[in-house]
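K.L.:
need the 3D shape of this:
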Amino acid sequence: MNKSKAKPKIHFDYPKNDEAITGPAYAARIEAEVPGTVEVSIDEGPWKPCRQAAGYWWYDLDCSKPGKHKAVARIRDGNRPITTGPRRFKTKGTRRAA
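P.N.:
Next up is the predicted model:
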């Protein structure tokens, strides 16, 4: 019998787990299969709203702080939030040109 894992109702497409982000700008892409508003928390910080475009939810990561980071996304499905597992990524600490 084929027991395939069901895809979660919300998950990170990008960054991939343990991805090294080398540029100054990066937009995390989240797919949500239920209606609602998606939010992201970076390094256990406050929940920040994502923007919706092209069928996905997007969050602009601040890549100016070098090191290892952890992102978690959530969406409210009725009465309770649905949360992703942690998505770990690394940044080099590159700043945008003024």
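K.L.:
so what are the sheet partners of the helix or strand bottoming out on mean pLDDT in the chain and their directions?
P.N.:
Across the helices and strands of the chain, mean pLDDT, DSSP states H and E gives its lowest value to strand 80-83, namely a mean of 89. Applying DSSP bridges, strand 80-83 is found paired with strand 67-77 (antiparallel).
K.L.:
mean confidence score for the strand it pairs with?
P.N.:
Average pLDDT, strand 67-77: 91.
K.L.:
give me the distance from that strand to the chain's centre.
P.N.:
Distance of strand 67-77 from its chain centroid, counting by C-alpha atoms, centre = their mean, to the nearest Å, is 5 Å.
K.L.:
tell me which residues of that strand are tucked away?
P.N.:
By neighbour count on 16 or more other C-beta atoms under 10 Å, the buried set for strand 67-77 is 69, 71, 72, 73, 74, 75. Backbone N, C-alpha and C define where each C-beta goes, glycine included.
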